[in-house]
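Chemist: Need a 3D model of the sequence below.
(one chain, ligands or ions: 2)
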Amino acid sequence: SEPVRVAAVDLGATSGRVMACRVGSRTLHLEELHRFSNGGVPVRGGLFWDVLGIHREVLTGVREVARTGRLHGIGIDSWAVDYGLVGRDGWLLGNPRSHRDSRTDGVPARVREVVSDAELYDVTGLQQLPFNTIYQLVSELGTPSLEAAEQLLLLPDLLTYWLTGEAGAERTNASTTGLYDVRTGEWSLELAKRIGLPWGILPPLRDPGTVVGPVVDEVAAYVGAPGVPVISVGSHDTASAVVGVPAGEESFAYISSGTWSLVGLELDGPVLSAEAREADFTNETGVDGTIRFLKNVMGLWVLSESVRTWADKRLADVTLPALLAGAADAPALRTVVDINDPRLLTPGDMPSRIQELAREAGEPIPRTPVAITRTILDSLALAYRRNVRLAATLAGRDVDVVHVVGGGSQNDLLCQLTADALGVPVLAGPGEAAALGNGLVQARALGADLPDLAAMRALIRRTHDVRRFEPASGSAASADWDAAERRAAKV
Ligand code: ADP
Ligand code: LRH
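Modeler: Numbering: from 1, shown residues only. Ligands and ions are numbered 1, 2, ... in the order given. A predicted model of the protein is given here:
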């Protein structure tokens with residue numbers, strides 16, 4: 001069949017990009033045509049997204065794709081859980097908040113008084129993250145905007161609404177809200193009613209891979225592409241990234257490594273056992289009815305926020321390449337901390353927080369940017385080790401290899417540490433797995449012969465290089481990680 005060329009819009013919490021993705025029967029090509037930086041905007045104690053700015057960047061990028069060739073479709077994925085509220089007249093009510101805003105402090109405990117954690121997990125299968133949409137909404141109860149809200153639109157759905165005029169909720173992202181029944185694949189209206197949320201604002205659900213509609217006239221005129229369809233993709237960036245994992249027949253775990261690290265397995269159905277709940281694993285819905293059984297690990301956010309802090313202090317040589325080169329030569333596993341400590345969630349002076357965690361844990365305190373960088377990477381690898389092993393045990397699976405995708409797959413030191421920590425090979429790349437997953441799902445909706453995820457992944461393997469990291473051999477290496485794990489467990 002004819003190759004298709006689509007715009008894959010992939011919005012991360014630290015950067016957004018618009019790619020031209022060309023998909024043929026034996027070819028798959030990604031071209032980055034627009035990239036912009038993204039981040040929370042602090043105002044009056046709140047942390048917001050500049051959503052109109054993001055919309056404008058999306059339009060700029062899509063126009064660039066249209067200017068440089070044919071444009072057959074547009075698909076948008078972004079980070080999960082955050083949303084805008086839309087009023088009766090269709091206008092956005094207020095500015096969407098970032099999940100790193102502290103307005104949800106104490107809210108999970110209030111919800112727990114009405115619905116126990118066990119009941120909640122049994123319906124939604126989600127990790128208890130304070131920023132899940134359900135908690136953000138509860139924090140808004142009684143506010144003028146929630147009272148006036150007619151629809152809740154998750155961020156990629158909101159941007160899709162502005163492109164097409166069609167409101168809806170794409171399933172992979174809906175599954176991150178805490179209001180979605182992971183077994184039935186529908187909103188849990190009963191849950192919403194029990195905690196007093198206005199359940200009528202939850203829009204109709206749609207599957208990834210359906211055509212939402214053509215762009216509205218104003219968008220068509222701006223990008224110069226009348227009638228081009230917007231296609232719903234795995235609109236949760238992690239769902240698209242997992243589509244983009246170039247796995248074959250092997251028993252694999254994945255780490256979608258960006259601002260967050262999402263560490264887990266692809267399964268056919270959810271694991272809702274008490275053990276999975278106690279281990280705080282999430283069951284998010286993937287493309288083609290799969291389940292993403294994973295743990296949110298704090299991720300490279302801790303490093304990027306540290307770099308930002310050092311840059312603000314005008315410290316010399318604190319660029320990422322210099323820090324990583326230094327960290328590669330620093331002593332291994334000297335200091336490990338609990339990288340998932342909730343104090344690392346909000347923006348701020350990350351290096352001081354890392355030092356504080358080390359002090360509390362009785363670990364040597366890292367003093368220099370390089371030492372702190374090494375502590376972050378060792379601690380991330382340790383968290384990957386713990387959670388890949390936990391996922392495998394909880395799901396009754398083996399793991400022979402770990403695929404790392406996303407920006408973090410370019411961090412050689414972290415990939416090697418991950419292989420060493422787990423004692424299995426790491427396959428790193430593609431760095432833009434989410435954009436590939438986005439483009440492939442669009443291509444299929446437009447008629448490409450990609451019947452299932454296996455076919456999509458085979459095409460990625462054929463067209464993209466993957467780098468292999470072998471684990472360090474020898475019992476001394478694994479004994480070091482065992483000892484570090486015991487130290488971390490005492491934290
Ligand atoms: P998101 O989509 O969440 O914004 P990305 O997938 O773009 O995140 O990953 C961003 C992270 O990837 C950065 O914080 C950085 O740590 C890492 N990264 C990106 N490029 C490189 C590189 N060339 N070398 C090392 N790390 C990199
Ligand atoms: C990664 C991600 C992750 C969510 C978080 C809010 O970008 O979507 O899967 O938990 O952002």
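
Chemist: drop to CA atoms for contacts and neighbour counts, all remaining ones
Modeler: Will do.

Chemist: so which residue of the stretch 101-250 of the chain comes closest to ligand 1?
Modeler: Nearest to ligand 1, among the residues of the stretch 101-250 of the chain, is Asp237, at 7.8 Å (Cα to the nearest ligand atom).

Chemist: Quick one: the helices in the stretch 301-450 of the chain, in order.
Modeler: 301-312, 320-329, 350-360, 369-395, 412-422, 433-445 (DSSP state H, counting those that start in this stretch).

Chemist: highest average neighbour count across the ones you listed?
Modeler: helix 433-445 (a mean of 29; mean count of other Cα atoms under 10 Å).

Chemist: How far off centre is that helix?
Modeler: 16 Å (Cα atoms, centre = their mean, to the nearest Å).

Chemist: Going along the chain from it, find the next helix or strand for me.
Modeler: helix 453-463 (DSSP states H and E).

Chemist: Same question for that following helix: list its buried residues.
Modeler: Buried residues in helix 453-463, defined by neighbour count with 16 or more other Cα atoms under 10 Å: Leu453, Met456, Arg457, Ala458, Leu459, Ile460, Arg461.

Chemist: got the contact list for the fourth one?
Modeler: To tie it back to what came earlier, the one meant is Ala458. Taking Cα atoms under 8 Å, 6 or more residues apart in numbering as the criterion, Ala458 is in contact with Pro246, Ala247, Gly248.

Chemist: what separates the first one from Ser232, distance-wise?
Modeler: Summarising the geometry, the distance separating Pro246 from Ser232, computed by Cα to Cα, to the nearest Å, is 22 Å.

Chemist: buried ones in the helix or strand hosting Ala479?
Modeler: Following DSSP H and E, the helix or strand that holds Ala479 is helix 475-490. The neighbour-count check on helix 475-490 (16+ other Cα under 10 Å) flags Ser478, Trp481, Ala484, Glu485, Arg487, Ala488 as buried.

Chemist: any chance of the buried residues of helix 453-463 in TSV, plus distance to Asp117 and pLDDT?
Modeler: Compiled in TSV, the buried residues of helix 453-463 are given as follows (distance: Cα to Cα, whole Å; pLDDT from 0 to 100):
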residue	distance to Asp117	pLDDT
Leu453	33	98
Met456	37	98
Arg457	36	98
Ala458	40	98
Leu459	41	98
Ile460	39	98
Arg461	41	98
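
Chemist: What about ligand 2: which of those residues touch it?
Modeler: Contacts with ligand 2 are made by none of these, judged by Cα under 6 Å from any ligand atom.

Chemist: Pretty sure Tyr222 sits against Arg63.
Modeler: Yes - between Tyr222 and Arg63 there is a contact under Cα atoms under 8 Å: 7.2 Å.

Chemist: Tell me which of the two has more neighbours.
Modeler: Arg63 (23 against 13; other Cα atoms under 10 Å).

Chemist: The residue nearest to that one when sequence neighbours are not counted and ligand 2, how far apart?
Modeler: Leaving aside its chain neighbours, Arg63 sits nearest to Val223 (4.1 Å; criterion: Cα to Cα, 6 or more residues apart in numbering). Val223 is 27 Å from ligand 2, where distance means Cα to the nearest ligand atom, to the nearest Å.

Chemist: Over to Asn283?
Modeler: Asn283 is 11 Å from ligand 2, by Cα to the nearest ligand atom.

Chemist: same check, this time on Arg194
Modeler: Distance of Arg194 to ligand 2, given as Cα to the nearest ligand atom: 24 Å.

Chemist: Let me know how buried that residue is, in neighbour terms.
Modeler: By other Cα under 10 Å, the residues close to Arg194 number 12.

Chemist: so who does it touch?
Modeler: Counting by Cα under 8 Å, 6+ apart, Arg194 makes contact with Val114, Val115.

Chemist: 7 Å - rerun?
Modeler: Arg194 makes no contacts at all, as judged by Cα atoms under 7 Å, 6 or more residues apart in numbering.

Chemist: got it, and Thr14?
Modeler: Ser37, Asn38, Gly39, Thr259.

Chemist: Check the contacts of Ala458 for the minimum pLDDT and say which it is.
Modeler: Ranked by pLDDT, those bottom out at Gly248 (95).

Chemist: and it, which of the three is it?
Modeler: coil (DSSP: H, G, I helix; E, B strand; the rest coil).

Chemist: One more: His29?
Modeler: Assignment for His29 (three-state DSSP): strand.

Chemist: just to revisit the earlier point, more neighbours, Pro246 and Ser232?
Modeler: Ser232 (30 against 27).

Chemist: correct me, but that one touches Ile74?
Modeler: No - using Cα atoms under 7 Å, Ser232 is not in contact with Ile74, being 8.4 Å away.
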